[in-house]
Structure formats: structure tokens, C-alpha cells
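Novice: structural data only, the sequence is not supplied:
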Ligand code: KG4
Ligand code: ZN
């Protein structure tokens, strides 16, 4: 059987990435050019700076991905590209590059939803089986998505304010950590204990929604009060207490949603899925409370933004005959 090779492009935020994926599940190359250092001094992603970096990097990443995979454009069967959600200027660079490449090599253009991409990253661990539940936790999103079958997405719960990753980055800023601070808080948390009292918002409510802005405010108040009273703060314990609160809520709601819906697999994906505390706790709870459900979480390098996941999702779209024409535009607030 002939192998189907897809060139995939991701440029929705601060990583320029190009990958070559075989049959939706084998990574031949996955080049990721991170711009994180350029945004650090601003404490967050600056859209204009992101666009400029994407312009500089995109063609180099395409060449690099082809060379690393040892694949010629003539061997490809399609070009997948993230068209939303994300920063409009950043998305447009990837889309323009994808159109140009597709046109030059007479290849079909496959539009990909970035959040679907995060879910399909699990496909590199093992084949997805439906129905499944996905916990998507990133810098911009926190949502529970029910997939009855491939290509069908139902949001059963989502954050009403901040995303989980956003909460990590905001409290990290208060602690003087550099952006993005999720990983560092995760490390600090492992050296501390849950000694500060932070809220578990909406944990008992009869829905699958989340809220992290109250936790963020509570954290900031704790830090400011201690500073005013000249009390000493134990940063490891602050990190541990914050992280426990985030994990408690994410895990409790996810497990409940999985008990409500008939599922075979639980997938966790997105940048915050790299969190070691969250991975460990969710895995343990699934084993304990969800017999028969397989828990899948992509390896760390596939949790953050990357084009391999876009290639996996593009393969599914192409199989369904979902292609785009050259009118394809960025959709910054694309949802399922
Ligand atoms: O999916 P992603 O790379 O980009 C978006 O689409 O948002 O997610 C980035 C987010 C950031 O907020 C970052 O702080 C968070 O993922 N993150 C983590 C960890 N590693 C990255 N949050 C908690 N623990 C981690 N280990
Ligand atoms: Zn993402």
C-alpha cells in the first residue's frame, strides 16, 4: 500500500513548526522553531513580534522538515495547516506558506483546527478509539471535549474565565518567573507542600465548567498581604498549593465527565498536559475510578504546539475529503 505523506504547518502562536507525517501516525520529521526567548522580556507573546519571527522561519522550517524526513515534494499527498484558533497575523503566515507550497507542487490544502490537532497528538501514542473524552489544557484553552466518533467534537465543559496555562503564567509573573512559567511552577511544586489555602472553584457544581481567575486573585492577595506584613513566603509551598488546586479541579471534573459519558479512552492534551503532577494524578484516578478506560497523554514534546499534531489531524480530514481552496482564511476564534 502506498504511504500517504503530509507536510503540516503550525504557526498559531509562538512556535513556527513544520512536520512530515506518514499515514497520520508516524513522525518522519517535526521541526519546531521556538520564539519564546523573544517574548520573554515582554512577559507574554507579542503578536507583531510573533508574526515577524514566523515570516523569518517558515521557509527554513519547511526545507528542514523535508530534508530531515528525506522526502521530496513530489512524494507528498497534501499540505495541512492550522487556520485557527490563534493570533491572526501568526496564522496568516502559516496559511500563506501552505498555499504557496500547495500551489507550487499541485497539492491539496487541508485546513486544521489547532485544538483538534492537540487531541490527535495522542494518535502518536496509540490509535484513537471512539467514543472518547479529551481534556484540553493550554495557554488559551481549558475544555472537556467529547468525541463520539472521528471528526465529531462536542464541548461538554470549558473555562468561564482564564485558561489553566494562563493562570500558571499569571501567577508565575507575580513570583518573578520568566514566561511561560508552567514548567518552573511544576518543578517548584514538587519541592513544596500544599500549605496555603487556595479555592477549588466550581468543584462541586453540577457541570463540567472551570474557573481559574478566583484562584489567581487569591494567590496574588496571599503574596501581596505577606509582602505588606513583611512575612516570609515559601515559594515552593506557594507553587505546590497553587498546583494542587488546579489539579484537584481539573481531575475531579474530568473524572466525573468520563463517568457520565460512555467512553473508551481519555486523552489529555495541550501545553499544560506536560504538567507532571497532573499527568500522575489523572493517570492514578483513571486507574482507580474508570475501569476499562485507557488514559492517553502525548509525550512532553508533543504536548506543546507542534506541526506533527497538525499532520495527524490533517490526515483524518483528508480521509474525510475535507479540503480547502485558496480562499482559506485565518479564523482567530475558531471553535469546534
Ligand atoms: O499548547 P501550548 O503550547 O500553547 C497554547 O496553545 O496555548 O500551551 C502553553 C501553556 C503555557 O501557559 C505554559 O505555561 C503551559 O502550557 N505549560 C505548563 C507546563 N508546561 C507548559 N503548565 C503547567 N505545567 C507544565 N509543566
Ligand atoms: Zn496549543
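Specialist: Received it, and whenever you're ready, just let me know what you need. Computed from a prediction, not measured in an experiment: that's the story for all the values here. Ligands and ions are numbered 1, 2, ... in the order given.

Novice: buried residues in the lowest-mean-pLDDT helix or strand in the chain?
Specialist: Lowest by mean pLDDT, DSSP states H and E among the helices and strands of the chain is helix 36-40, with a mean of 90. Of the residues in helix 36-40, residue 39 count as buried by neighbour count, 16 or more other C-beta atoms under 10 Å. Quick note: C-beta positions are derived from backbone N, CA and C, even for glycine.

Novice: how about the residues of this structure by ligand 1?
Specialist: Residues of the chain that fall close to ligand 1, judged by C-beta under 6 Å from any ligand atom: 13, 138-140, 165, 168-169, 180-183, 186, 270-272, 274-275, 304-305.

Novice: and the nearest residue to residue 300 once chain neighbours are set aside, how far from residue 185?
Specialist: Among residues not flanking residue 300 along the chain, residue 274 sits closest, at 5.0 Å (C-beta to C-beta, 6 or more residues apart in numbering). Look at residue 274 and residue 185: by C-beta to C-beta, to the nearest Å, they are 12 Å apart.

Novice: more neighbours: which of the two?
Specialist: Neighbours were counted for residue 274 and for residue 185 using other C-beta atoms under 10 Å; residue 185 has more, 27 against 23.

Novice: who are the packing partners of the helix or strand where the more buried one lies?
Specialist: Assigned by DSSP states H and E, residue 185 belongs to helix 182-189. Applying 3 or more C-beta pairs under 8 Å, 6 or more residues apart in numbering; DSSP states H and E, one finds that helix 182-189 contacts helix 164-174, helix 235-260, helix 276-289.

Novice: tell me what angle it forms with helix 235-260.
Specialist: With axes from the mean of the first three to the mean of the last three C-alpha atoms, to 10 degrees applied, the angle from helix 182-189 to helix 235-260 works out at 110 degrees.

Novice: helix 182-189 and ligand 2 in contact?
Specialist: No. Helix 182-189 does not reach ligand 2 (C-beta under 5 Å from the ion); its nearest approach is 12.3 Å.

Novice: mind listing what's buried in that helix?
Specialist: For helix 182-189, by 16+ other C-beta under 10 Å, it's 182, 183, 185, 186, 188, 189.

Novice: contacts only, for the fourth one.
Specialist: Residues counted as contacts of residue 186 (C-beta atoms under 8 Å, 6 or more residues apart in numbering) are 239, 243, 274, 275, 276, 277.

Novice: just say helix, strand or coil for residue 18.
Specialist: Secondary structure, DSSP: H, G, I helix; E, B strand; the rest coil: residue 18 is strand.
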